[in-house]
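Would you be able to build a 3D model of this:
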Amino acid sequence: MFYLKLSWNNLKKNKTTYLPFLLSMIFLVILNLLMQVMIGNKGMQTIPRAATVQSIFGFGNNVVMIFSLIFAFYTNSFLIKQRKKELGLYNILGLGKSSLGFMLFVETMLSMVIVLITGIMSGTIFSKFLFLVMKKMTGFGEDFVFQLSTTMFVSVFILFAGIFAILFFYNFIQVIKTNPIELLHGGQTGEKEPKSRWILSLAGVGLLGTGYYLSLTIQSPVEAIQIFFLAIVFVIVGTYLLAITGSVTLLKFLKNRKNYYYNPKHFVNVSGMIYRMKQNGAGLASICILCTMVLVTVSSTAGLYFGKENVLRGRNPFDASITTQGKVPEIQETFETLAKKNHLEVTKSFYLELPSSIGVIKKGTTVIPMKQGEMNFSSFALLQFIPLDEYNRLTGEKQTISENEVLVYGVAGEFEGEEIQFPETTVKIKQRIKTINFLPSIAAISQAFLIVTPSSEISNQLIKQIELPENYEKSIQLQSEMAGDFKGTQENRMAFIQAMEKYTKQLNQPERTDLPKPSMAYAEFSSIDMDRLETNAFVGGFLFIGLIFGLSFTLATALIIYYKQISEGYSDARRFEIMQKVGMSHKEVRQTIVSQILMVFLFPITLAAIHLAFALPIIRKILVLFGLTDNQLITIVTVISVVLFTACYLLVYLFTSKVYYRIVERK
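Down below sits the predicted model:
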């Protein structure tokens, strides 16, 4: 009973440091319970692209659990440091280390009970609200209903019981291995004045520059994914080196400038920052990296969400389409008949017969056959040919070209130069077509071009030069495509889609093996309505996970800043007290505090914004893989994300600066 009362009093006495920790842990319980509600929902099996959406939420759940452990451990280190003096005093007054360990155990149990009870009760309410928000964002159907199960609560309990057990053992070890005198001065432990390290500072600049260079120069979206993680490593290491060693080097430089250093406004800040810059630098770098993670996560997922209609219309120029790996003229009649049968008015349609696209190796203006198994995304390109008369029929234009001329449309990428060099023929590019409304856009994993030739005979001749001999006959086989737009109710549109899907299954029976593209079905049907359902589920889930990550990283940033202000405040309190005793006025102390806080806490958000600006090119490349090519939209969403997060960051700064000032100012 004695230890229970003592532990409870300790929690109340240290509420300045414990309350934010407990609130953040409660928030993490809510997030983990929410993720369990999502992945444990039986309705998840019935949604469009169920496997993909489940993998997204599974990944998000793992990240949130790992983040919970790391975040709890990180913030706990601040708590135990601030409490070392108190624990040392208990030890000197006669409380043995085993007794201290038991007291810490009771405190840990009390904290865990408070966190789990409050978190689960709040989580049950908030997860219901957030569940409805996510359902609205994703458009999940009626089968996706809010459900709670014992398994969900048990999973959260086991996770946080494990986390608090780890924290207890860590704190107990800290007490066991430290003598009472060290405990008394533990909260005041600082770093020795570090030396200027030019080599490490230059290494930090070099690594940061390399990360920026990779982001600015990468061209292929597929390579962007591979390079992105390498660039992240360079930027993270470079940020830590610059914050720890580069800042010391800069402060040493300022200290050597006597006119600057021996100024009351600068003297205290520079000397104080140099004395503990190794610790401060690591903390500032951590804040900067977390800020960058928030900005990258939120801006990219929000950009994808708000640009989804552009993505949908790019992938689906028409409301519905059916393609076959062979010439099947009757699909036009069936398409129109089923539309009429389901009370849909066809407002626009086209029927097209084209040979299949050919994969080639493109080097400048030269295209050559791609050997079996050869694949290089930087030089790979898809070429599709269409005769001039067919192009004019579909577009309503009246273009003319000679036998050695072509028109080129960049489906993905731009064809440089004024000619195309085939192995045996060189043709001139008469004109580059700016827009085509009958072809879907594709994710620019590689380059892709539509080439308008004078006739189908010339198309076949060019195909023969770039296709392997064994594939030539298949490649020149005409493929049929029928597409159209409709007017009608959503119910009638869905009935038409079901009828067309049934017809497509009939075309695919029996299964065929002698196809130009054996990996694809003989007939494929797509509609913007079904694509919208799948895209809403995928992109909405993606944004929801992004917001969860953003909230988690923002919480971590705020709490690290808060604890850092407290830690720095206690470290600086005695020094500022001495300064006031030797003559510094109340106003001068406040100016010094404001100057130091601005210097320290505007650095991370400023550097994070710079990181994001240099990361934007590679983020755009990655978003191309999802079909989002609207760079203006991405930029606007990114700017809004930076403004909103900066506002939140400044609110945290204003609050924590008051806490810092209350600690260091002598009343």
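
Going by C-alpha atoms from here, please, whenever you check contacts or count neighbours.
Fine.

For the nearest residue to Lys371 once chain neighbours are set aside, what are phi and psi?
Spatial nearest neighbour of Lys371, excluding adjacent residues (CA to CA, 6 or more residues apart in numbering): Leu468 at 7.6 Å. Backbone torsions for Leu468, taken as degrees, to the nearest 10, come to phi -60, psi 140.

Packing partners of the helix or strand where Thr646 lies?
If you go by DSSP states H and E, Thr646 is part of helix 631-664. In terms of contact count using 3 or more CA pairs under 8 Å, 6 or more residues apart in numbering; DSSP states H and E, helix 631-664 is assigned the packing partners helix 277-306, helix 528-581, helix 586-624.

Redo these as JSON lines? Include mean neighbour count.
As requested, the helices and strands packed on helix 631-664 are arranged in JSON lines below (neighbours: other CA atoms under 10 Å):
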{"stretch": "helix 277-306", "mean neighbour count": "23"}
{"stretch": "helix 528-581", "mean neighbour count": "20"}
{"stretch": "helix 586-624", "mean neighbour count": "18"}
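
who wins for proximity to Gly101 among these?
Smallest distance to Gly101 across those (CA to CA): 23.7 Å, for helix 528-581.

How far away from the center of its chain is that closest one?
14 Å (CA atoms, centre = their mean, to the nearest Å).

what's the angle between it and helix 277-306?
Relative orientation of helix 528-581 and helix 277-306, computed by axes from the mean of the first three to the mean of the last three CA atoms, to 10 degrees: 160 degrees.

before we move on, the earlier item: how big is the angle separating the helix holding Thr646 from helix 277-306?
Using the same axes, to 10 degrees: helix 631-664 against helix 277-306 is 140 degrees.

can you pull the buried residues of helix 631-664?
Neighbour-count burial for helix 631-664 flags 631, 634-635, 637-639, 641-642, 645-646, 649, 652-653, 656-657, 659-661, 663-664 (criterion: 16 or more other CA atoms under 10 Å).

least reliable of the helices and strands packed on helix 631-664 going by mean pLDDT?
In terms of average pLDDT, helix 528-581 trails the rest of those, at a mean of 78.

Show me what that one is packed against.
Using 3+ CA pairs under 8 Å, 6+ apart, the elements in contact with helix 528-581 are helix 15-39, helix 50-92, helix 97-138, helix 277-306, helix 308-315, helix 586-624, helix 631-664.

Swap in 6 Å and give it another go.
helix 97-138, helix 277-306, helix 631-664 (3 or more CA pairs under 6 Å, 6 or more residues apart in numbering; DSSP states H and E).

Let me see the mean pLDDT of the longest one.
Mean pLDDT, computed over helix 97-138, is 83.

Quick check: phi and psi at the closest residue to Lys487 other than its chain neighbours.
Among residues not flanking Lys487 along the chain, Glu345 sits closest, at 5.0 Å (CA to CA, 6+ apart). With angles defined as degrees, to the nearest 10, Glu345 sits at phi -100, psi 120.

What of Phe525?
In terms of degrees, to the nearest 10, the main-chain angles of Phe525 are phi -120, psi 140.

Please apply the same query to Ser455.
Torsion angles, degrees, to the nearest 10, at Ser455: phi -160, psi 170.

my guess is it meets Pro387, correct?
Yes: using CA atoms under 6 Å, Ser455 makes contact with Pro387 at a distance of 4.6 Å.

Compare these two (neighbour count), which wins?
Pro387 (18 against 15; other CA atoms under 10 Å).

hang on, isn't Thr324 packed against Ser526?
No: proximity of Thr324 to Ser526 does not meet the contact threshold set by CA under 6 Å, at 11.9 Å.

So for the two, which sits in the more crowded spot?
More neighbours surround Thr324 than the other of Thr324 and Ser526, with 22 against 19 (other CA under 10 Å).

how much space between that one and Lys348?
Applying CA to CA, to the nearest Å, the value for Thr324 to Lys348 is 20 Å.

again, but for Glu390
For Glu390, the distance to Lys348 - CA to CA - is 17 Å.

Those two: which has the busier surroundings?
Neighbour tally, Glu390 and Lys348, criterion other CA under 10 Å: the higher count belongs to Glu390, 17 against 12.

Okay, strands next: where are they in the stretch 251-400 of the chain?
Remark: strands assigned in the stretch 251-400 of the chain by DSSP state E, counting those that start in this stretch are 320-324, 345-355, 358-363, 366-369, 380-387.

Run a quick neighbour tally on the closest residue to Phe422 other than its chain neighbours.
In space, Phe422 comes closest to Val367 once its chain neighbours are excluded; the distance is 5.5 Å by CA to CA, 6+ apart. Applying other CA under 10 Å, we find 21 residues neighbouring Val367.

Then Val37?
Val37: 22 surrounding residues under other CA under 10 Å.

residues contacting Phe318?
By CA atoms under 6 Å, 6 or more residues apart in numbering, the residues touching Phe318 are 484-485.

State the phi and psi torsions of it.
phi -120, psi 160.

Look up the pLDDT of it for me, please.
For Phe318, the predicted pLDDT is 88.

per the record, what domains does this structure have?
Split into domains by automatic domain parsing, the chain comes to 1-188, 313-528.

pLDDT of stretch 430-441, averaged?
Per-residue pLDDT over stretch 430-441 has a mean of 78.
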